[in-house]
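> Sequence unavailable; structure follows:
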């Protein structure tokens, strides 16, 4: 058994003991299967390799002070993977099978769930791919669902520390009427070049504007965008944005804390007037933003070197619910006993 340095895990792939698999053949899903292999045997003409029939999810499990393991809002991930499947013509994976696979994977890999005081969590990666051979653009007839887990630290190495974003108008993450609202690998492939360029310039990620007019804020490469202005939590509304489960949760908590919530088109010019900005998602939770650099106009928008009051309150409240330090009044937690 490895001796993990739980407090310095970083965010990246780590081998687990077991993963869960399920095959779709002859029009129906089979039973969940347990595997200890990290590899899959796949046809060279599989649709996932040629036509991008590949979707995935990301969710987390947490160990509380009481020693119990909690999974955060997995029903929402189950629904979102179905939405992504519909979007690119794949077989829907049943919600009850999804939840059973999550539970099975956590129990089989229980030793990999980080301890409460470490600040780390168990990252859960469900994957759905088209596996039957097709040459000619059409959906697969067979699919494979895989779910694997790994212990992780924060997505951004800085953790809950403000970072800088950059706007580069010559790059888009998704087409205006494309697959931006689905969690497909192609969106992430499209963001890699700009993302690498951003990191080389000392930025944590790219802040994308809308692909059609470059007038509105869309989202960061790996996360949704939100801003605080006065007593209002503002987040973009767009058909090109992945509907973040973390953002959805933060909107509820923002209202509970006394903020108004606006989900609407957010003009680029509004960056001037925001008091706090954050990037949010399963992997990062909240990453506060200290500055946004508009590379095309050589202009900075500054928000302070310390995490803002509301980013801090929202981050602490969401984490407290995930780890069981605050009551789960919204039914977001599923216990794995």
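Done, it's in. Owing to the predicted nature of the structure, the values given are computational and were not obtained by experimental measurement.

> Tell me where the stretch 101-250 of the chain has helices.
Listed in chain order, the helices of the stretch 101-250 of the chain (DSSP state H, counting those that start in this stretch) span 185-200, 245-256.

> Residue 316 is nearest to which of those?
helix 245-256 (10.1 Å; Cβ to Cβ). In this view, the C-beta of every residue, glycine as well, is placed from N, C-alpha and C.

> list the helices and strands the following helix or strand past that closest one packs on?
Next along the chain after helix 245-256, taking DSSP states H and E as the criterion, comes strand 260-264. Judged by 3 or more Cβ pairs under 8 Å, 6 or more residues apart in numbering; DSSP states H and E, strand 260-264 is in contact with strand 232-236, helix 245-256.

> if we look at the last one, which residues are touching it?
Under the contact criterion Cβ atoms under 8 Å, 6 or more residues apart in numbering, helix 245-256 has outside partners 59, 73, 76-77, 80, 224, 226, 233, 235, 261, 263, 280-282, 285-286, 310, 314, 317-318, 330, 332.

> how about a cut-off of 6 Å?
73, 76, 224, 233, 235, 261, 280-282, 314, 317 (Cβ atoms under 6 Å, 6 or more residues apart in numbering).

> what comes up buried for it?
245-247, 249-251, 253-254 (16 or more other Cβ atoms under 10 Å).

> Is it possible to get JSON lines of those that adds distance to residue 17 and pLDDT?
Formatted as JSON lines, the buried residues of helix 245-256 follow (distance: Cβ to Cβ, whole Å; pLDDT from 0 to 100):
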{"residue": "245", "distance to residue 17": "27", "pLDDT": "97"}
{"residue": "246", "distance to residue 17": "28", "pLDDT": "97"}
{"residue": "247", "distance to residue 17": "32", "pLDDT": "98"}
{"residue": "249", "distance to residue 17": "30", "pLDDT": "98"}
{"residue": "250", "distance to residue 17": "33", "pLDDT": "98"}
{"residue": "251", "distance to residue 17": "37", "pLDDT": "98"}
{"residue": "253", "distance to residue 17": "35", "pLDDT": "98"}
{"residue": "254", "distance to residue 17": "39", "pLDDT": "98"}
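
> tell me which element residue 84 is part of?
helix 74-87.

> Tell me where the chain is predicted with low confidence.
Where the chain drops to pLDDT under 70, the residues are 1-2, 156-159.

> now the strands: where do they sit in the stretch 151-300 of the chain?
Counting by DSSP state E, counting those that start in this stretch, the stretch 151-300 of the chain has strands at residues 163-167, 205-209, 217-220, 224-229, 232-236, 260-264, 276-281, 285-294, 299-302.

> Make JSON lines out of the ones you listed and add distance to residue 17.
What follows is these, written out as JSON lines (distance: least, Cβ to Cβ, whole Å):
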{"stretch": "strand 163-167", "distance to residue 17": "34"}
{"stretch": "strand 205-209", "distance to residue 17": "32"}
{"stretch": "strand 217-220", "distance to residue 17": "33"}
{"stretch": "strand 224-229", "distance to residue 17": "33"}
{"stretch": "strand 232-236", "distance to residue 17": "38"}
{"stretch": "strand 260-264", "distance to residue 17": "41"}
{"stretch": "strand 276-281", "distance to residue 17": "27"}
{"stretch": "strand 285-294", "distance to residue 17": "26"}
{"stretch": "strand 299-302", "distance to residue 17": "46"}
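
> To residue 122, which of these lies closest?
The nearest among the strands of the stretch 151-300 of the chain, by Cβ to Cβ, is strand 285-294 at 14.3 Å.

> Direction included, what does that closest one pair up with?
Strands that pair with strand 285-294, judged by DSSP bridges, come out as strand 163-167 (parallel), strand 276-281 (antiparallel), strand 299-302 (antiparallel).

> how about the ones you listed, which one is nearest residue 44?
strand 276-281 (33.6 Å).

> quick one: contacts of the closest one?
220, 223-224, 226-228, 244, 246-247, 250, 286-289, 303, 308, 310-311.

> Could you export the helices of the stretch 101-250 of the chain as JSON lines, including distance to residue 137?
Below are the helices of the stretch 101-250 of the chain laid out as JSON lines (distance: least, Cβ to Cβ, whole Å):
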{"stretch": "helix 185-200", "distance to residue 137": "14"}
{"stretch": "helix 245-256", "distance to residue 137": "31"}
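
> Between the ones you listed, which one is closest to residue 146.
The nearest among the helices of the stretch 101-250 of the chain, by Cβ to Cβ, is helix 185-200 at 13.6 Å.
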